[in-house]
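**Q** sequence plus predicted model, see below.
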Amino acid sequence: MIQIQELHKRFSKNKVLIGVDLEIQNGGIYAILGPNGSGKTTLIKAILGMVLPNKGKIHLNQKDIKNQWKYRENIEYLPQIANFPGNLKVSELIKMIIDLRSKPSSSDELIQRFGLEPFLDKKLNTLSGGTKQKVNLVLTFMFDSPLIILDEPTTGLDPIALLTLKELIAQEKKKGKTFLITSHIMQFVEEVADEIVYLLEGQIYFKGTIEELQNLTHKTNFEHAIAALTAQNV
């Protein structure tokens, strides 16, 4: 699905991505991990066309995404921080996005699953952080797209909403969809991810299953394996 070759990105003199090569197959859940400043968000935004690389190529379904935009219609993206117009009601925002996309949506089902019915007539600037994240998740999952990118999706979620999110991810994975997920919550990653892509200082230092990572680092605990991988490469 995604082929990335020799991707470089710098901001002024700061090199953020340095020769990244990555292939993501159709179907499955890929967790993109790494410490702050490792290049995770820049890599995601490059795939989305929100950041233009200085060098390298990105292909989606064997098509170069450079100077293209229609490919984004088949990607759903949950940003780490969503900036909603505060004066809009929840129902107004959802309707606006549906009208803009002109695609069938499952918004009603998702509103019910996340328990958002009592908040539909409330303005977005009155909502708690966790409730805003539930709205963000509804917007992300309500369209049927083959690639879903989630940047820190668990932020602010209560245990019930977190369980709903994990069920949704499993449900969509069964349909053959592909996920790219970043998260600092290792327990969540361990529960949902099929493969780990570990970035450090703009380069990929590991790609493989959790079991392969544990074997490489000689750690039986996933969180300890991640810590050991970081220590080996700093």
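**A** Structure received. Residues are numbered from 1 along each chain as shown.

**Q** tell me who's in contact with residue 185.
**A** When contacts are counted by Cβ atoms under 8 Å, 6 or more residues apart in numbering, residue 185 touches residue 154. Backbone N, C-alpha and C define where each C-beta goes, glycine included.

**Q** any figure for the gap between it and residue 223?
**A** As for residue 185, its distance to residue 223 is 10 Å (criterion: Cβ to Cβ, to the nearest Å).

**Q** how about residue 74?
**A** For residue 74, the distance to residue 223 equals 34 Å [Cβ to Cβ].

**Q** what sits closest to residue 191 if chain neighbours are left out?
**A** residue 166 (6.5 Å; Cβ to Cβ, 6 or more residues apart in numbering).

**Q** next, count neighbours for residue 46.
**A** Per other Cβ atoms under 10 Å, the neighbour tally for residue 46 reads 22.

**Q** name the element it belongs to?
**A** Assigned by DSSP states H and E, residue 46 falls within helix 40-47.

**Q** after that helix comes which helix or strand?
**A** Assigned by DSSP H and E, the successor of helix 40-47 is strand 55-60.

**Q** ok, then the element right after that following strand?
**A** strand 63-64.

**Q** ok, residues contacting that next one?
**A** 57, 58, 71.

**Q** what sits against the most centrally placed residue in the chain?
**A** Here the mean C-alpha position of the chain is nearest to the C-alpha of residue 150 (Cα atoms, centre = their mean), at a distance of 2.1 Å. Residue 150 makes contact with 78, 140, 179, 180, 181, 182, 183, according to Cβ under 8 Å, 6+ apart.
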